[in-house]
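A.B. asks: Need coordinates for the following:
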Amino acid sequence: MKVARKVTGVVISSKDHKEKDKLISLFTVEEGLVYASMRGVRGDKAKMKSAKEVFCFGEYVLENTKGNNVVTQVEIIDNFYGLTKDIDKYYEASSMLDIINKIATPQANPQLFIDFLKGLRGICYQNIKKIYILDKFLISMFKNLGYEFVTEKCSSCGAKLSERKYFNLDIGEIVCPACKNDCCVPINETCFSALKLLNNTDFEKLSTLNLTAGSEVECLKLLDKNFEWRFGKRFSSPIV
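C.D. replies: Down below sits the predicted model:
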């Protein structure tokens, strides 16, 4: 007897399979990363053809058939169609998609899912300056993984941070000059101030920020280095 279950997720990758099928990766709130097949959805009259596209967010009913998940029903919540109408928004959202594709595991991480969804909604529907959301998402992602590095004290010795501060890539935290080593990169005050503002501002209120010009790019470059150090690979960045 086939047992169906329902998951709420976003399609983060999709590729052709057989004549009219699709193989999709779903990032779900209940199960983390889930792989599934969608049968016949590449046909012009297929009922679920819209649900196979990346960025589609919905409730997917899955049946386990011979050890594989098969999508039998979908209720679409949002397809973030607006992302296809603005190239800058599309690239920023695609970077978030690439990050999730590289770090998601078959283990539930509800907070990461919520932050991902908030990020997509912010990019699609809010008038927020380019890259602010991507910076915020990366900061929140690292915090979710245990790297809450935006503090006023050196993570190694506890001393209050001065204007000279460094990001220790080895431990994923900020240190003072006395604790600096070969794994450290300098952080200027403008970049650090931007990191603090982004860290302390909710996704829904990022439109109120007006960071110093260029600081959002400095933040992204630093966060990109940290990502590569932590995961051994880079994500697709809109500034590279």
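A.B. asks: Low-confidence stretches in this structure?
C.D. replies: Applying pLDDT under 70 to the chain flags the ranges 1-2, 240.
A.B. asks: If you count neighbours, what's buried in the strand ranked longest in it?
C.D. replies: Ranked by residue count and defined by DSSP state E, the top strand of the chain is strand 4-17. Using 16 or more other CB atoms under 10 Å as the test for burial, strand 4-17 gives 7, 8, 9, 10, 11, 12, 14. (C-beta placed from N, C-alpha, C; glycine too.)
A.B. asks: Pull up the gap between the closest residue to residue 32 other than its chain neighbours and residue 139, please.
C.D. replies: Nearest residue to residue 32, sequence neighbours excluded (CB to CB, 6 or more residues apart in numbering): residue 107, at 4.6 Å. Look at residue 107 and residue 139: by CB to CB, to the nearest Å, they are 22 Å apart.
A.B. asks: so residue 136 touches residue 201, yeah?
C.D. replies: Yes: in this structure residue 136 lies within contact range of residue 201 using CB atoms under 8 Å: 7.3 Å.
A.B. asks: quick one: which of the two has more around it?
C.D. replies: The residue with more neighbours, out of residue 136 and residue 201, is residue 136; 25 against 15, by other CB atoms under 10 Å.
A.B. asks: Just want to check the distance between the residue lying closest to the more buried one once chain neighbours are set aside and residue 219.
C.D. replies: Closest residue to residue 136 apart from its sequence neighbours, by CB to CB, 6+ apart: residue 198 at 5.0 Å. Distance of residue 198 to residue 219, computed by CB to CB: 7 Å.
A.B. asks: who touches both of the two?
C.D. replies: residue 135 (CB atoms under 8 Å, 6 or more residues apart in numbering).
A.B. asks: Comparing the two, which residue is more hemmed in?
C.D. replies: The neighbour comparison of residue 198 against residue 219 (other CB under 10 Å) goes to residue 219, with 27 against 24.
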